[in-house]
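Novice: I'd like to go over a predicted model; first the sequence, then the structure.
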Amino acid sequence: MNNILVIYTGGTIGMKHNPETGVLEPFNFDQIREEVPVLKKFGFTIDTVSFDPLIDSSDVQPDFWVKLCRIIADNYGKYAGFVILHGTDTMSYTASALSFMLENLEKPVVLTGSQLPIGMIRTDGMENLVSAIEIAASQHDGRPCVPEVCVFFESKLFRGNRITKDSAEQFRAFHSGNYPPLAETGIHIKFNTGAIHYPEQWGKPLQIHTQLDTAVGILKIFPGISRPFMESVLQADKLRAVVLETYGSGNAPTAPWFLDTLKAAAQRGLILVNITQCRTGSVNMEEYATGLSLKKIGVISGYDMTTEAAIAKLFFLIGQHKDSQDIKRLWQKNISGEVNFG
Ligand code: ASP
């Protein structure tokens, strides 16, 4: 059994130009099948569920992730793997969220999309869709080759919670600065088995976690950041956690007002996590005095995580736990390969 369920949510891959407005709008999966007749050549069944309405991924919200988890859970026994067609704009957020929400995942969940609609002659959607299906169906010794939430784009398969969209222009739209590709496609599909996570013990039932709490914000540090701006962000009503996007290896200004503002927030119980603005490398708050000052006031390291993974992990942890100390403790756990504590 290597039948595949394609979950079509929208995104550029399934859009075409509306002749009246000139903008891209979604069309249905039957039209995708027409554009990709090769789908009939797979020697297994490819079923489809389509979201209604189909969405541009800029409209993705956490309830959309819950809906995806439920579709996967409801169909888990029937399919060998799942392919999610999704817009590229927020694909890294969805992939990160699913990686936390789907516990004991033993089947591939491969997200893909494209930069050009599948109906266009130079589309990248065809190759992305066909390879994603092939990867989702690939097995070795009766086990799926990649039992993870991952993203296939432009010949590379990435761990879903390790990527960031870094090009609005190139077919190679995603970047995984801190984790190697799980597979690469050429004449053959080469799986990087050393990088893929396999369950220690197969056969555990899939568990989905649908309780997320979005009381989380992002504060990107920049030269000239002002006190009123920082205070208004950190004092937002009901906020539980903030991802601080810092410089380099986790550094930030040392001006007393800046540190005092963060310290006051930490003392009010706000969870502050430190994620680097750099595309590769890790936070190390013990490298420079500027990082150490953050550590001293209670900022916790996000190590080499992406901002997307940090946001999704906080939604997930705060959704499951009320106590800030529990959340901080669980933050230090690698839940689904999202972090390397180095
Ligand atoms: N705006 C589109 C989306 O994210 C872009 C894309 O699919 O590439 O849905």
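Specialist: Looks like it arrived, so ask away.
Novice: three-state assignment of the closest residue to the ligand within the chain?
Specialist: Residue nearest to the ligand within the chain (Cβ to the nearest ligand atom): residue 87, separated by 1.9 Å. (C-beta placed from N, C-alpha, C; glycine too.) Assigned by DSSP: H, G, I helix; E, B strand; the rest coil, the conformation of residue 87 is coil.
Novice: Confirm for me that it is in contact with residue 57.
Specialist: Yes - here residue 87 reaches residue 57: they are 2.8 Å apart, a contact under Cβ atoms under 8 Å.
Novice: anything in contact with each of the two?
Specialist: 9, 10, 11, 113 (Cβ atoms under 8 Å, 6 or more residues apart in numbering).
Novice: Which of these sits closest to residue 303?
Specialist: residue 113 (28.1 Å; Cβ to Cβ).
Novice: for the closest one, what are its contacts?
Specialist: 11, 12, 13, 57, 85, 86, 87, 88, 91, 125, 128, 153.
Novice: returning to that earlier point: who has more neighbours out of residue 87 and residue 57?
Specialist: Legend: neighbour count by other Cβ atoms under 10 Å for residue 87 and residue 57, higher for residue 87 (25 against 20).
Novice: low pLDDT regions in the chain?
Specialist: 1 (pLDDT under 70).
Novice: Name the residues of whichever strand in it runs longest that come out as buried.
Specialist: Ranked by number of residues, the top strand in the chain under DSSP state E is strand 46-55. For strand 46-55, a neighbour-count test (16 or more other Cβ atoms under 10 Å) marks 46, 48, 50, 51, 54, 55 as buried.
Novice: looking at it, the third one is touching residue 30, isn't it?
Specialist: No - when contacts are counted by Cβ under 8 Å, residue 50 is not listed as touching residue 30 (9.1 Å).
Novice: Check which helices and strands the helix or strand residue 315 falls within sits against.
Specialist: Following DSSP states H and E, the helix or strand that holds residue 315 is helix 307-320. Applying 3 or more Cβ pairs under 8 Å, 6 or more residues apart in numbering; DSSP states H and E, one finds that helix 307-320 contacts helix 91-101, strand 216-220, strand 241-246, strand 271-276, helix 324-331.
Novice: 6 Å - rerun?
Specialist: helix 91-101, strand 241-246, strand 271-276 (3 or more Cβ pairs under 6 Å, 6 or more residues apart in numbering; DSSP states H and E).
Novice: any idea of the angle that helix forms with helix 91-101?
Specialist: Angle, helix 307-320 to helix 91-101, by axes from the mean of the first three to the mean of the last three Cα atoms, to 10 degrees: 40 degrees.
Novice: Near the ligand, list only the ones from the shared contacts of residue 87 and residue 57.
Specialist: Restricting those to those touching the ligand (Cβ under 6 Å from any ligand atom) yields 10, 11, 113.
Novice: Need the residues you listed in TSV (columns: secondary structure).
Specialist: Below are those laid out as TSV (three-state DSSP):
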residue	secondary structure
10	strand
11	coil
113	coil
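Novice: Distance to residue 257 for the residues you listed - can I get that in CSV?
Specialist: Converted to CSV, those look like this (distance: Cβ to Cβ, whole Å):
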residue, distance to residue 257
10, 45
11, 43
113, 43
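Novice: residues in contact with residue 136?
Specialist: 4, 81, 83, 108, 110 (Cβ atoms under 6 Å, 6 or more residues apart in numbering).
Novice: what about the host helix or strand of it, distance to the chain center?
Specialist: Here residue 136 sits within helix 125-137, counting by DSSP H and E. Chain-centre distance of helix 125-137: 18 Å, with Cα atoms, centre = their mean, to the nearest Å.
Novice: List only buried entries from the contacts of residue 136.
Specialist: Those of the contacts of residue 136 that meet the buried threshold are 4, 81, 83, 108, 110, by 16+ other Cβ under 10 Å.
Novice: Would you map the strands across the stretch 101-250 of the chain?
Specialist: In the stretch 101-250 of the chain, the strands defined using DSSP state E, counting those that start in this stretch lie at 102-103, 109-112, 139-140, 143-144, 149-153, 156-159, 164-165, 174-175, 183-185, 189-191, 207-208, 216-220, 241-246.
Novice: As CSV, could you dump the C-alpha coordinates of the last one?
Specialist: Translated: strand 241-246. Extracted in CSV, the C-alpha atoms of strand 241-246 (Å, rounded to 0.1, in the frame of the first residue of the first chain):
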residue,chain,number,x,y,z
ALA,A,241,6.1,35.0,25.1
VAL,A,242,8.3,37.1,22.7
VAL,A,243,10.8,35.9,20.1
LEU,A,244,13.6,38.4,20.2
GLU,A,245,15.3,38.5,16.9
THR,A,246,18.8,39.6,17.8
